[in-house]
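sequence-free structure coming up:
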């Protein structure tokens with residue numbers, strides 16, 4: 001048996017020459033894949049960091065507002081323990097200085113900021129207008 005001169009199998013030198021750039025292309029494609037995954041992780045982590053900063057600011061504002069309400073409630077309790085019928089100037093004196101918290105100021109776009117406004121408004125003598133009725137629910141129901 002003699003080998004055929006026109007066989008379908010290429011010579012070893014031809015095989016090596018035809019596969020010369022395949023390894024480089026595979027490595028480049030893998031690098032592209034890893035780079036795109038890294039970019040995706042970077043975008044995700046930076047967006048998460050921004051959201052955490054926003055959440056931190058909102059949480060700080062919420063607790064500052066809650067603390068200010070607690071301080072105002074305590075101030076009102078102290079006022080009512082000495083004066084059973086405070087007028088407008090007594091109530092406004094409580095709000096002249098808002099509580100001091102680090103990096104927090106009490107301002108509002110409508111100019112109200114830290115104030116006390118009675119639900120029914122003020123009468124001609126600058127006293128809060130009272131409203132009488134029966135408490136419908138809660139621990140003081142029926143009073």
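Everything's here; your move. Keep in mind that what you see is a predicted model, and the values were worked out from it rather than measured.

C-alpha from now on. contacts and neighbour counts both.
Noted.

just the pLDDT for residue 74.
Residue 74 is assigned a predicted lDDT (pLDDT) of 90.

which SSE is it in?
Assigned by DSSP states H and E, residue 74 belongs to helix 22-82.

look up how far residue 62 lies from the residue nearest the centre of the chain.
For the chain, the residue nearest the mean C-alpha position is residue 55 (2.3 Å; CA atoms, centre = their mean). Shown here: residue 55 relative to residue 62, a distance of 10 Å by CA to CA, to the nearest Å.

now residue 94
Distance from residue 94 to residue 62, by CA to CA: 21 Å.

tell me the phi and psi of the nearest residue to residue 128 once chain neighbours are set aside?
Counting by CA to CA, 6 or more residues apart in numbering, residue 128 lies nearest to residue 122, which is 4.6 Å off, once chain neighbours are set aside. Per-residue torsions, residue 122: phi -110, psi 150 (degrees, to the nearest 10).

wait, isn't residue 122 in contact with residue 129?
Yes - Residue 122 is in contact with residue 129 according to CA atoms under 8 Å; the separation is 5.5 Å.

which residues touch residue 126?
Residue 126 makes contacts with 87, 88, 89, as judged by CA atoms under 8 Å, 6 or more residues apart in numbering.

can you count the residues close to residue 93?
By other CA atoms under 10 Å, 11 other residues sit near residue 93.

over to the one 3 residues further on?
Neighbouring residues of residue 96 were enumerated by other CA under 10 Å; the total is 10.

how about the secondary structure of it?
coil (DSSP: H, G, I helix; E, B strand; the rest coil).

okay, it: pLDDT?
Value for residue 96, per-residue pLDDT: 80.

touching, residue 123 and residue 129? I think so.
Yes - using CA under 8 Å, residue 123 is in contact with residue 129, at 5.7 Å.

in the strand or helix carrying residue 90, what's buried?
In this assignment (DSSP H and E), residue 90 forms part of helix 88-94. Neighbour counts using 16 or more other CA atoms under 10 Å place 88, 91, 94 of helix 88-94 among the buried residues.

show me what that helix is packed against.
Under the contact criterion of 3 or more CA pairs under 8 Å, 6 or more residues apart in numbering; DSSP states H and E, helix 88-94 touches helix 22-82.
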